[in-house]
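Asker: A structural model of the following input is requested.
(2 chains)
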Amino acid sequence: MEVLTVDPANLLSPAASSSSLSQQEVATKIKQTHSLTVLLKHCSEQLLAEYVRHQGEPFSSPDFQPPAMAVPGLPSPSVPPEAWLALSDGKRLWHLAAAYAALPGLLGSVRRQQAELNPLASELHRQLEAAARQCRGLAGNLERIMGALGVTGPPPPSSSLGGPTTGAFLAKLGGYHVCRLHRDWAMRSHEALGLLRTKYPL
Amino acid sequence: YPAGRPDHIRDCSLMFFFFVFFFAADPAVISPQDPTLVIGSSLTATCSVNSDLHLKAEDLYWTLNGRRLPPESYKVLNGTTLSVALANLNGSRQQSGDNLVCHSRDGSILAGSCLYVGLPPEKPVNITCWSKNMKDLTCKWAPGTEGETYLHTNYTLKYKLRWYGRDNTCQEYRTAGQYSCHIPKDLALFTPYEIWVEASNRLGVAVSEVVMLDILDVVTTDPPADVTVSRVGDLEDQLSVRWSSPPALKDFLFQAKYQIQYRVEDSAEWKVVDDVGNQTSCRLAGLRPGTVYFVQVRCNPFGIYGSKKAGIWSDWSNPTAASTPRSDRVPGVCDPKSGEQNTTLRRELKQFFGWVKKHAYGCSNLSIKLYDQWRVWLQKSHKTRNQVGKDPSPIPYRGRRAGSSGPSGPGGTARTPPPPPTHSSAAGIGRNRLGR
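Answerer: A predicted model of the protein is given here:
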């Protein structure tokens, strides 16, 4: 596993990042971001449960097996755990940043679709909005950490999120995939930030 | 870290995408897509699989809301198309639509369509409106159907001035319950409005009857402000209630009438005082002594701008609590009962204390008041024996000596008055007595 060494000289040089943080500040930021991932893990589980509840069977049945579906701009983090752990911190952060750049927009689309499909499900709408907000927060935190560690970020997501209007069933299915990916990425980010925390203790 | 993306990162992103299937085209198509149907109707749907999948119509099956549909209702239309016949459909189980799904034999989902089965809306009824302080209008209504329509129903409140053409639509919904709307401004007075509610869902529209009203006829106010409830001297069966008229209608010529309701603390039954008129105070009589009462006041702004009509009663003010004095008042807590003052014994004691003050050093705080205090304590402790827990705590004595002297034997502590308090606490007691 490649180990990223933090060179204090790099941190302070303007070429390395837009912001310069001390070792202490980086560690604090990592700890804070780790706490955010704990929140995200919890909320994303709740969101998925709330979502399937409103779509009806078969979505809400425990053995629901959806057909795989490509969600534009958001890869599935279904990399075997060993491969994920084998990546360097920088690469992991890069993938996380890419995912969390795309998730807020996707969650927003789901919220708009659910406003049509389930207009009275106010709790679901609230959770979808909160999830998008939390993802934006995490994206911002990741950007700061990557800047401090000198890791280049991914390109911004393509703005082509809206496709042709799909039927109701496909909308339900698409929303399911977004919510599930949101949960999967929350678990991954929690893992990754946990690892970072041990490397940059306070 | 070098600026450009190194090769191994590109490889990793490929690795991610490897695990995601890309469907170039949909595996199957269901027709019709997202139909809307009336309860009890029938439907025939078809599932056509994409020939690339090499699946046959016989390999398919249907589910509705997760439940497998019986094969007897299936029909093979051609090599790649299977139909299903649904009869006598029930109302949709969820508002997002029933999920009709076409599966391949191994259970995987090929396509889906959402069914919306319900009833058209009924005319909304019971439209009632009120204006708070003549500034706005809030209306609420009830949906026409007793039961459900199973389909999401949208309600729109509309209004227009009676003799002018333009329809307006209310924007702020659910301000006073689920079926309500609030019009915040631009309302004319002294001229009638027409108000109605439209209900619509996927199956149709229903319009309520039109209600006609003048804002001035449905005015209500905030509840009265500064409601205070206090005792009437020592009177044990009365309380005095005072309030001020709601501030918002200060500028309008109106006469307010008020109503009071009150109840005892542990009862749910309110008593209403109706004939309060337009005073801002009232005395409640015939109450139970030593009881906590909750009191509320409300206001009706009638006679606005000289009209004779009553308005709408405001909400009740927040409850204010007060208690009536106890009937078995302990004498001497405030003033000693007149009877006590004239006994011979007392007169003699008074003289004694006067003498003690003059001739005994260190007893300057002794006075007849102390004797009265002692008598008060005596009465209270006498009662405590009979009514446990009801009396307030006895006057605090500091420095009470344990094992106090007294004529009675063991076990008679209740009957034995305590020794007079020590010098240091006497002043405290005097203060307690007078400070009430």
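Asker: Residue ranges in chain B under the pLDDT threshold?
Answerer: Filtered on pLDDT under 70, chain B yields the residue ranges B:1-25, B:146-147, B:249, B:251-254, B:306-307, B:328-343, B:360-366, B:381-436.
Asker: and if we set it to 50?
Answerer: Applying pLDDT under 50 to chain B flags the ranges B:1-24, B:330-338, B:387-418, B:420-436.
Asker: would you list every one of the helices in it?
Answerer: Ranges of helices within chain B are B:7-18, B:338-341, B:344-359, B:368-386, B:423-435, based on DSSP state H.
Asker: How about the contacts made by A:Gln55?
Answerer: For A:Gln55, the contact set (CB atoms under 8 Å, 6 or more residues apart in numbering or on different chains) comprises A:117, A:172, A:175-176, B:94, B:96, B:99. For the C-beta atoms, the positions are set from N, CA and C on the backbone; glycine is no exception.
Asker: Let me have the residues you listed in JSON lines, extended by neighbour count and distance to A:Leu149.
Answerer: JSON lines is the format used below for the contacts of A:Gln55 (neighbours: other CB atoms under 10 Å in any protein chain shown; distance: CB to CB, whole Å):
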{"residue": "A:Leu117", "neighbour count": "22", "distance to A:Leu149": "42"}
{"residue": "A:Lys172", "neighbour count": "27", "distance to A:Leu149": "40"}
{"residue": "A:Gly175", "neighbour count": "25", "distance to A:Leu149": "35"}
{"residue": "A:Tyr176", "neighbour count": "19", "distance to A:Leu149": "35"}
{"residue": "B:Gln94", "neighbour count": "20", "distance to A:Leu149": "47"}
{"residue": "B:Ser96", "neighbour count": "25", "distance to A:Leu149": "44"}
{"residue": "B:Asn99", "neighbour count": "26", "distance to A:Leu149": "46"}
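Asker: which one of those residues sits closest to A:Arg188?
Answerer: A:Tyr176 (18.7 Å; CB to CB).
Asker: Might you report the residue contacts of the residue in the stretch 151-300 of chain B positioned nearest to chain A?
Answerer: At 5.3 Å from chain A, B:His152 is the closest residue in the stretch 151-300 of chain B, using CB to the nearest CB. By CB under 8 Å, 6+ apart, the contact set of B:His152 is A:119-120, B:95, B:201-202.
Asker: same thing with B:Val84?
Answerer: For B:Val84, the contacting residues are B:44-47, B:62, B:69, B:73-75, by CB under 8 Å, 6+ apart.
Asker: buried subset of those residues?
Answerer: For the contacts of B:Val84, a burial check counting by 16 or more other CB atoms under 10 Å in any protein chain shown picks out B:45-47, B:62, B:69, B:74.
Asker: Which of the residues you listed lies at the shortest distance from B:Ile215?
Answerer: Distances from B:Ile215 to the buried ones among the contacts of B:Val84, taken by CB to CB, are shortest for B:Ala45, at 53.2 Å.
Asker: The closest one contacts B:Pro32, correct?
Answerer: Yes - assessed by CB atoms under 8 Å, B:Ala45 is found in contact with B:Pro32 at 6.7 Å.
Asker: Need the overlap of contacts for the two.
Answerer: The contact sets of B:Ala45 and B:Pro32 overlap at B:Ser113 (CB under 8 Å, 6+ apart).
Asker: Chain B contacts on chain A?
Answerer: A:54-59, A:61, A:65-70, A:75-79, A:83, A:87, A:90-91, A:94-95, A:117-120, A:150-152, A:167-170, A:172-173 (CB under 8 Å from any CB of the partner chain).
Asker: Would you list the buried entries among those residues?
Answerer: Buried among these (16+ other CB under 10 Å): A:54-59, A:67, A:69, A:75-77, A:79, A:87, A:90-91, A:94-95, A:117-118, A:150-152, A:167-170, A:172-173.
Asker: how close does the spatially closest residue to B:Phe294 that is not a sequence neighbour sit to B:Ser108?
Answerer: For B:Phe294, ignoring the flanking residues on the chain, the nearest one in space by CB to CB, 6 or more residues apart in numbering or on different chains is B:Pro319 at 4.3 Å. With distances taken as CB to CB, to the nearest Å, B:Pro319 is found 63 Å from B:Ser108.
Asker: So for the two, which sits in the more crowded spot?
Answerer: Each of B:Pro319 and B:Ser108 has its neighbours counted (other CB atoms under 10 Å in any protein chain shown); B:Pro319 has more, 15 against 12.
Asker: Look up phi and psi at that one.
Answerer: Backbone torsions of B:Pro319, given as degrees, to the nearest 10, read phi -60, psi 140.
Asker: Please verify my assumption that it contacts B:Val292.
Answerer: No - between B:Pro319 and B:Val292 there is no contact under CB under 8 Å: 10.9 Å.
Asker: list the buried ones in stretch B:124-138?
Answerer: By 16+ other CB under 10 Å, the buried positions in stretch B:124-138 come out as B:124, B:127, B:129-134, B:136-138.
Asker: Chain A: which of these is nearest?
Answerer: The shortest gap between chain A and any of the buried residues of stretch B:124-138 belongs to B:Pro124, at 17.1 Å (CB to the nearest CB).
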